[in-house]
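Participant: Compute the structure for the input listed below.
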Amino acid sequence: MATKSTPKTPHQDTALLGMKSAAAKQKEQISSTGVSVSSIMDACKAFKESGFKPKMVYRNLPPSHLYEKALRYEPGTHIVNSGALATSSGAKTGRCPRDKRVVREPSTERDIWWASTSSGSPNYEMDERSFLLNRETAVSYLNSLHHVFVFDGYANWDPEARIKVRVVTERAYHALFMHNMLIRPTGEELEEYGEPDFIIYNAGAFPANRFSNYMTSTTSVDINLKSREMVILGTQYAGEMKKGVFSVMHYLMPKRGVLSLHSGCNMGAAGDVTLFFGLSGTGKTTLSTDPRRPLIGDDEHCWGPEGVFNIEGGCYAKCIGLKASSEPEIYKAIRFGSVLENVVVNEATRAVDFVSNVITENTRASYPIDYIDNAKIPCVGPHPRNVVLLCCDAFGVLPPISKLSLEQVMYHFISGYTSKVAGTEMGVTEPEATFSACYGGAFLMWHPMKYAAMLAEKMRQHGTKGWLVNTGWTGGSYGVGSRISLKYTRAIIDAIHSGALNSAQYLEMPLFKLQVPTSCPGVPSVLLQPALQWADKDDFNNTLAQLATLFVGSFNSYLEDAALHVGADMADRILSGGPDMKQVQELCEAAAATAAAAAAAVNEQQ
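Facilitator: Okay, here's the model as predicted:
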């Protein structure tokens with residue numbers, strides 16, 4: 001006789017149950033540490049004052065969680081084949097310096113180098129009310145969102161100079177970017193973080209009102225030094241946050257007697273630190289990234305009472321044309337946890353086309369500094385032994401290496417010279433001089449001469465030597481001469497580090513009064529004297545005078561109010577480090593006479 005069958009219990013998938021249980025526990029953990037609105041609000045007085053009342057807050061999520069959020073909420077985001085997160089910054093693929101504003105108010109206005117028609121300053125003013133209106137716009141937008149991300153980190157590796165920075169943003173990509181670029185707190189430090197010293201409200205997806213006072217477009221990047229706040233509207237380019245922090249450091253650190261610098265920095269086995277300054281294309285990244293010398297940092301540093309320290313916890317490297325063979329350290333750093341910005345990704349293979357500039361020439365990679373094998377952690381070092389000012393002189397008249405006096409260091413540091421060459425930009429058909437004060441004019445808060453005077457004083461105190469290294473052309477200008485070999489430039493840097501140039505004999509170069517060595521290990525002696533490389537000596541002198549005139553013309557923009565910031569004596573001392581204008585005038589007059597004589601001879605023949 002058949003028995004009645006008992007209904008079977010549905011099959012229980014133990015693996016699935018385990019996954020659900022783990023997910024539930026993970027959700028509880030995130031809710032208690034990353035999504036608690038009340039804990040953030042209760043601990044932050046500034047949030048209460050600004051009216052910031054978000055619906056949900058994800059605080060200091062690890063990269064894996066930020067990956068998940070970015071992939072879920074940010075279209076066009078991919079995990080590439082190296083494990084990095086590739087994403088887009090939208091319409092703006094670079095900084096918007098003309099849209100930067102600094103609040104002008106009584107407690108700070110005498111310190112700031114304000115923009116005017118002739119000053120060359122990047123600090124365009126806005127009033128406090130206009131700032132508050134933009135902050136209200138940003139906060140209202142952030143409050144309307146389903147969730148926001150908060151990252152709490154530090155600027156400055158020196159504990160005595162450490163600044164607590166809080167970032168509020170809509171995008172997981174921005175949170176991951178600042179996780180990489182700031183110094184990441186430990187769990188214990190995060191629990192005791194307290195009130196931040198500086199807050200960034202990044203509402204970049206929402207436009208500024210271009211009809212508001214002080215606005216010039218729908219983009220506005222505003223800094224209030226009094227309230228220690230920054231507001232971003234109308235741009236999602238992550239570099240605005242990085243450079244906003246740097247701008248604030250450029251104000252706060254000099255008030256403490258600490259010099260903030262836009263430079264690379266490495267250290268030799270003997271504890272000898274070198275600072276490298278240079279604009280794009282001068283070789284700053286290539287020369288400061290040396291496998292024999294640990295990297296303290298690639299971009300932003302301070303020089304304080306105990307030595308140098310990195311401001312950042314990460315690197316933000318250009319990656320257009322990146323190759324493993326030429327820049328292996330950067331290439332290897334692009335892995336899980338890194339952010340790739342505005343790169344072209346193959347849809348099928350998720351491989352990155354580093355050559356493509358379809359989106360922008362300014363493709364970028366952000367990664368923690370400890371992703372560099374040769375990084376020195378913590379990122380601090382003793383007082384620098386050498387300061388190297390780099391330029392790429394496409395006019396072909398500056399020597400590959402020059403020893404500088406303190407006055408010349410100040411002059412060339414303020415000038416921040418390099419040159420563009422034909423073909424690099426639309427409309428550039430011949431060498432074009434480029435100047436950027438202190439090699440980072442867009443981020444300065446004080447007058448350039450203040451930073452230069454601080455640099456010279458620290459160099460004097462610690463016996464630091466100054467050098468001008470030209471990585472550009474020799475034997476003629478671009479199109480006639482040739483680029484100085486990287487092999488020779490590396491040999492010059494090695495000679496600086498070894499001290500071999502300390503015992504060399506020097507000759508003075510006309511006009512610029514530069515001290516040029518007659519010999520350098522590993523470099524042909526004839527290469528060291530630019531005039532010997534030119535076939536036409538008159539052409540060399542004329543080109544040298546032309547470049548000197550460009551230097552003087554650029555420097556004039558810093559003279560208008562220099563005495564107000566550093567005093568007349570210091571301003572005159574700095575000016576003495578530049579070209580000899582009497583010699584320049586004599587050469588120009590001689591060139592004009594030669595040209596007139598040649599023209600007269602042609603007319604006679606006709």
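
Participant: Residue ranges in the stretch 1-150 of the chain under the pLDDT threshold?
Facilitator: 1-42 (pLDDT under 70).

Participant: Mind exporting the C-alpha coordinates of the host helix or strand of D494 to CSV?
Facilitator: Assigned by DSSP states H and E, D494 belongs to helix 486-498. Taking C-alpha atoms only, helix 486-498 is exported to CSV below (Å, rounded to 0.1, in the frame of the first residue of the first chain):
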residue,chain,number,x,y,z
LEU,A,486,68.5,63.2,-21.5
LYS,A,487,71.7,61.2,-20.9
TYR,A,488,73.6,64.5,-20.5
THR,A,489,70.9,66.0,-18.3
ARG,A,490,71.0,63.0,-16.0
ALA,A,491,74.8,63.3,-15.8
ILE,A,492,74.4,66.9,-14.8
ILE,A,493,72.0,66.0,-12.0
ASP,A,494,74.3,63.2,-10.9
ALA,A,495,77.2,65.8,-10.8
ILE,A,496,75.0,68.1,-8.6
HIS,A,497,74.2,65.3,-6.2
SER,A,498,77.8,64.0,-6.0
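
Participant: quick one: buried residues of the following helix or strand past that helix?
Facilitator: Sequence order places strand 506-508 as the next helix or strand after helix 486-498, per DSSP H and E. Judged by neighbour count (16 or more other CB atoms under 10 Å), strand 506-508 contains no buried residues. (Each C-beta comes from the backbone N, C-alpha and C, glycine too.)

Participant: Strand 506-508: partners in the sheet, and parallel or antiparallel?
Facilitator: Taking DSSP bridges as the criterion, strand 506-508 forms sheet pairs with strand 515-517 (antiparallel).

Participant: can you give me how far the partner strand is from the chain middle?
Facilitator: Here strand 515-517 is found 30 Å from its chain centre; the criterion is CA atoms, centre = their mean, to the nearest Å.

Participant: again with stretch 351-362
Facilitator: 20 Å.

Participant: Residues in contact with that stretch: which ones?
Facilitator: Among residues not part of stretch 351-362, those counted as contacts by CB atoms under 8 Å, 6 or more residues apart in numbering are 80-82, 84, 86, 88, 93-94, 318-323, 334, 340, 342-346, 363.

Participant: same thing but 6 Å
Facilitator: By CB atoms under 6 Å, 6 or more residues apart in numbering, the list of residues contacting stretch 351-362 from outside reads 80-81, 93-94, 319-322, 342-345.

Participant: For those residues, which single residue is the most surrounded?
Facilitator: V343 (26 neighbours; other CB atoms under 10 Å).

Participant: Between the contacts of stretch 351-362, which sits nearest V380?
Facilitator: Distance to V380 across the contacts of stretch 351-362 (CB to CB) is lowest for C319, with 27.2 Å.

Participant: what's near enough to touch the closest residue to the closest one other than its chain neighbours?
Facilitator: Excluding the flanking residues, the one nearest C319 by CB to CB, 6 or more residues apart in numbering is A365, at 4.6 Å. Residues counted as contacts of A365 (CB under 6 Å, 6+ apart) are 317, 319, 334, 338, 340.

Participant: Pick out whichever of those residues sits closest to Q505.
Facilitator: Nearest to Q505 among those is A317, at 39.3 Å by CB to CB.

Participant: how about the strands in the stretch 201-350 of the chain?
Facilitator: In the stretch 201-350 of the chain, the strands defined using DSSP state E, counting those that start in this stretch lie at 220-224, 229-233, 259-262, 264-267, 273-277, 295-297, 300-304, 307-310, 314-318, 339-341, 344-345.

Participant: Go ahead and measure how far the last one is from the middle of the chain.
Facilitator: It stands for strand 344-345. The mean C-alpha position of strand 344-345 is separated from the chain mean by 24 Å, CA atoms, centre = their mean.

Participant: pLDDT averaged over it - what is it?
Facilitator: Taken as a whole, strand 344-345 carries a mean pLDDT of 98.

Participant: next one: the third one
Facilitator: Mean pLDDT, computed over strand 259-262, is 98.

Participant: by contact count, what packs against that strand?
Facilitator: Contact partners of strand 259-262 among helices and strands, from 3 or more CB pairs under 6 Å, 6 or more residues apart in numbering; DSSP states H and E: helix 239-255, strand 300-304.

Participant: Listing partners with orientation, what would you give for that strand?
Facilitator: Strands that pair with strand 259-262, judged by DSSP bridges, come out as strand 300-304 (antiparallel).

Participant: can you list the helices and strands packed on strand 259-262 in CSV and add mean pLDDT?
Facilitator: Below are these laid out as CSV (pLDDT from 0 to 100):
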stretch, mean pLDDT
helix 239-255, 98
strand 300-304, 98
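
Participant: Tell me which of these is the most buried.
Facilitator: Most buried of these, by mean neighbour count (mean count of other CB atoms under 10 Å): strand 300-304, with a mean of 26.

Participant: What residues sit buried inside stretch 65-76?
Facilitator: By neighbour count on 16+ other CB under 10 Å, the buried set for stretch 65-76 is 65-67, 69-70, 74.

Participant: Pull the residues that contact it.
Facilitator: Here stretch 65-76 makes contact (CB under 6 Å, 6+ apart) with 77, 85, 88, 172-173, 175-176.

Participant: And for stretch 246-260?
Facilitator: Stretch 246-260 has contacts (CB under 6 Å, 6+ apart) with 161, 198, 225, 300, 302-304, 311, 443-446, 454.

Participant: Kindly indicate which of the residues you listed lies nearest A46.
Facilitator: Nearest member of the contacts of stretch 246-260 to A46, counting by CB to CB, is F198, at 9.6 Å.
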